[in-house]
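A.B. asks: what would the 3D arrangement of this be:
(one chain, ligands or ions: 1)
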Amino acid sequence: MSLAASPRSSSAPREHTGKPVLDRLSDPGTLWLAAREGVHPRPAVEADAGPIRDFLITQYDAFNATDNTVEGHRVFRDFVRVPALRGRLRAGSLMLLAERRGAILGVCEMHRDGYLTLLYVRGDQQGRGLGRLLFSMALRRLRAEAPDLRTVRVRAMPYARGFYTHLGFRPLRDGLRDDRGLRFYPLALDLDRV
Ligand SMILES: CC(C)(COP(=O)(O)OP(=O)(O)OC[C@H]1O[C@@H](n2cnc3c(N)ncnc32)[C@H](O)[C@@H]1OP(=O)(O)O)[C@@H](O)C(=O)NCCC(=O)NCCS
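C.D. replies: Numbers count the residues shown, from 1 in each chain. As a prediction, this is how the structure comes out:
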């Protein structure tokens, strides 16, 4: 497994210096960004499972693997196996892709119980609003289907902790946790604030 260097240090998340971003989740500018950049967001279908798996493993190796153990790498790979992705799609999980000319730039998966399980943007596309775009689209769909949902939860890998905090997620417990070699910060977003 390649452990390519991350362009952003996971141990030093960027400080949030801007205004709160929750109100911007529904900003039409977010969709304008997609049009301007030629990015096409769409729901994933079962036929996408192979390219999604390849994309996710590449991004995990580049940005998350360094924080986890060999067992954690195995757990992640199991989670994104083609049959596992297809099974979750069939079971109704919300999976979105962002593409440009057929190349995957980002993937987001959210479950109907409010668990955000995957959010990945290709390294050379990070910091351009794609992560927020995918998250906000998935959240909008989820809220339409589960209007009583109050909280979105995520096990934030260290690399992504600053991003989630910037979007308004709060810690559920202090400190870094470990589940089968995957290290994460348990965070939650209260939807009455969005
Ligand atoms: C986390 C990730 C999905 C964010 O996607 P992205 O497209 O880079 O994020 P965006 O450009 O949409 O950022 C949205 C806002 O968050 C801010 N932000 C992004 N990363 C941040 C960080 N690490 N710390 C603080 N703020 C951050 C951006 O500056 C932007 O703020 P602004 O609009 O107020 O200027 C992306 O970095 C990624 O794929 N990381 C590697 C995989 C990973 O760790 N995924 C999460 C697994 S739990």
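
A.B. asks: near the ligand at all, stretch 159-178?
C.D. replies: Yes: counting by Cβ under 6 Å from any ligand atom, the ligand is contacted by stretch 159-178 at 159-160, 162-163, 166. For every residue, glycine as well, the C-beta is placed using N, CA and C.

A.B. asks: so where do the strands sit in this protein?
C.D. replies: 40-43, 94-100, 103-110, 115-121, 151-156, 170-171, 177-179, 182-190 (DSSP state E).

A.B. asks: now these as TSV including mean pLDDT?
C.D. replies: Formatted as TSV, the entries for the strands of the chain read as follows, by pLDDT from 0 to 100:
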stretch	mean pLDDT
strand 40-43	93
strand 94-100	96
strand 103-110	98
strand 115-121	98
strand 151-156	98
strand 170-171	96
strand 177-179	97
strand 182-190	98
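
A.B. asks: how about the most centrally placed residue in the chain: which residues does it bridge to?
C.D. replies: The residue at the geometric middle of the chain, judged as the C-alpha nearest the mean C-alpha position with Cα atoms, centre = their mean, is L119 (1.3 Å). Per DSSP bridges, residues listed as beta-bridge partners of L119: C108.

A.B. asks: what's the first-to-last distance across stretch 119-133?
C.D. replies: Stretch 119-133 has an end-to-end distance of 11 Å (criterion: Cα to Cα, to the nearest Å).
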